[in-house]
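1. Mind folding the following:
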Amino acid sequence: MATHSDSADNGTQKPHRFDVEELLYRAGRVVLVAVLFISIFLLVQSMVHHRFFRGGHFNRNGTLTQ
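-> As a prediction, the model looks like this:
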């Protein structure tokens, strides 16, 4: 029967130390998601602005002309 010295069977666990790489990885993911949301928001805002304010004019009967 072989026992391993690095097993967690003895009930003692190493305390979780502050890991800078993990913190930077998580912060990078948050920044990436924020940049994606902001870029999508700005794209949609630009498309809506172009469509309703500069894209064309409505006639009296409701049709859109360029």
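
2. how deep is F18 tucked in, by neighbour count?
-> The number of residues packed near F18 is 6, by other C-beta atoms under 10 Å. C-betas here are computed from N, CA, C, even on glycine.

3. Distance-wise, check it relative to M47.
-> 44 Å (C-beta to C-beta, to the nearest Å).

4. pLDDT on stretch 27-41, on average?
-> What stretch 27-41 shows for mean pLDDT is 97.

5. would you put the C-alpha positions of it in PDB?
-> Taking C-alpha atoms only, stretch 27-41 is exported to PDB below (Å, rounded to 0.1, in the frame of the first residue of the first chain):
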ATOM      1  CA  ALA A  27      -9.200  41.800 -14.300                       C
ATOM      2  CA  GLY A  28      -8.300  41.300 -17.900                       C
ATOM      3  CA  ARG A  29     -11.500  39.300 -18.500                       C
ATOM      4  CA  VAL A  30     -13.600  42.000 -16.900                       C
ATOM      5  CA  VAL A  31     -11.900  44.700 -19.000                       C
ATOM      6  CA  LEU A  32     -12.400  42.600 -22.200                       C
ATOM      7  CA  VAL A  33     -16.100  42.100 -21.500                       C
ATOM      8  CA  ALA A  34     -16.500  45.800 -20.700                       C
ATOM      9  CA  VAL A  35     -14.800  46.800 -24.000                       C
ATOM     10  CA  LEU A  36     -17.100  44.500 -25.900                       C
ATOM     11  CA  PHE A  37     -20.300  45.900 -24.400                       C
ATOM     12  CA  ILE A  38     -19.200  49.500 -24.900                       C
ATOM     13  CA  SER A  39     -18.200  48.900 -28.500                       C
ATOM     14  CA  ILE A  40     -21.500  47.100 -29.300                       C
ATOM     15  CA  PHE A  41     -23.400  49.900 -27.500                       C
END
